[in-house]
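1. just a sequence and a predicted model for now, questions to come.
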Amino acid sequence: RLERGLIQRVTALNRFIEDVYQRQEIIKAGVIPADQILGNAQFRAEMVGLTVPGGVYSQISGIDMVRAATPQGDGQYYVLEDNLRVPSGVSYMLENRKMMMRLFPELFTLAIAPVAHYPDMLLNTLRSVAPKGVAEPTVVLLTPGMYNSAYFEHAFLAQQMGVQLVEGVDLFTRNDAVFMRTTQGPKRVDVIYRRIDDDYLDPQAFRRHSDLGCAGLMAAYRAGKVTICNAPGTGIGDDKSIYPYVPEMIRFYLGEQALLENVPTYLCRKDEDLQYTLAHMH
């Protein structure tokens with residue numbers, strides 16, 4: 001049930017992100033107020049009309065789940081939040097599993113699913129979205145650098161996948177293509193697994209004074225000569241103000257009821273929810 005529910009949710013979220021940057025049908029249908037999307041700080045006008053590989057904006061999604069007590073004692077799973085921009089934390093799961101196997105080997109006589117193959121699955125996913133015509137794509141992991149709180153994970157995943165860990169200064173663009181500097185000279189980059197926020201990706205497109213990204217990266221992306229995972233602009237799908245609408249997205253795009261429920265949430269733009277919230281504040 002969890003697997004089916006997560007596939008359903010991530011599919012609908014990707015459809016939503018594609019829609020808001022292309023046809024905006026969900027806005028026209030009045031399902032989500034236009035200002036909730038178009039006035040959102042996570043909406044990136046630079047992505048409007050831009051086609052991404054396979055229509056998939058978030059190749060790697062992190063859905064946070066919680067389990068609540070029920071009178072029956074079996075517990076019910078709820079989705080606490082969606083992470084579609086630069087989900088982090090999987091390296092700690094992998095390291096935790098290694099430590100648990102070392103300290104409590106008796107637990108693993110039970111039917112516990114393995115997780116050690118995650119880096120292989122991640123690399124296969126990244127390779128699968130390479131630009132058309134690239135048979136053997138070069139994948140890199142773009143990090144803000146060693147002072148970032150998640151740098152351990154960046155280095156860990158790059159090492160586990162066998163790809164280069166790069167910073168913005170290691171990359172440059174030429175003729176709308178991205179290259180990395182190596183001791184053997186420039187090497188073409190096909191897929192960038194980015195672990196930095198949109199604002200810092202490209203000083204020519206976003207924050208002018210960013211030293212963390214690569215100038216000209218968005219031009220190369222628009223030209224289809226490099227794939228960025230996850231795509232810029234995915235933040236519109238995991239913004240907290242959009243979260244309450246995900247069950248409605250599932251109905252709108254997939255014609256299905258949500259298999260996984262949101263945590264009960266009140267929208268204070270609705271008068272009845274506002275009155276309830278004010279009456280129950282302590």
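-> That came in fine, so what should we check first?
2. quick one: the strands in the stretch 1-150 of the chain?
-> Counting by DSSP state E, counting those that start in this stretch, the stretch 1-150 of the chain has these strands, from start to end: 62-68, 76-83, 139-142.
3. closest one to Arg4 among these?
-> Arg4 lies closest to strand 76-83 among the strands of the stretch 1-150 of the chain, at 12.1 Å (C-beta to C-beta). C-betas here are computed from N, CA, C, even on glycine.
4. buried set for the closest one?
-> Neighbour-count burial for strand 76-83 flags 79, 82-83 (criterion: 16 or more other C-beta atoms under 10 Å).
5. now do it: distance to the chain's middle.
-> 15 Å (C-alpha atoms, centre = their mean, to the nearest Å).
6. restrict that strand to CA atoms and write it as CSV.
-> This file holds the C-alpha atoms of strand 76-83, laid out as CSV (Å, rounded to 0.1, in the frame of the first residue of the first chain):
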residue,chain,number,x,y,z
GLN,A,76,-2.1,4.8,10.1
TYR,A,77,0.5,6.3,7.8
TYR,A,78,0.2,10.0,6.9
VAL,A,79,2.3,12.1,4.5
LEU,A,80,4.0,14.8,6.5
GLU,A,81,5.7,16.6,3.6
ASP,A,82,7.0,16.2,0.1
ASN,A,83,10.6,16.9,-0.8
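7. please name the strands paired to that strand in the sheet, noting orientation.
-> Counting by DSSP bridges, the strands paired with strand 76-83 are strand 62-68 (antiparallel), strand 261-262 (parallel).
8. mean neighbour count, those strands: which tops it?
-> Ranked by mean neighbour count, the strands paired with strand 76-83 are led by strand 261-262 with a mean of 16 (mean count of other C-beta atoms under 10 Å).
9. quick one: low-confidence parts of the stretch 1-150 of the chain?
-> Applying pLDDT under 70 to the stretch 1-150 of the chain flags residues 72-73.
10. now the helices for it?
-> For the stretch 1-150 of the chain, the helices identified by DSSP state H, counting those that start in this stretch occupy 2-21, 25-28, 34-38, 90-103, 118-128, in order along the chain.
11. how about residues contacting the shortest one?
-> Residues from elsewhere that reach helix 25-28, judged by C-beta atoms under 8 Å, 6 or more residues apart in numbering: 16, 19-20, 32, 34, 37-38, 249, 252-253.
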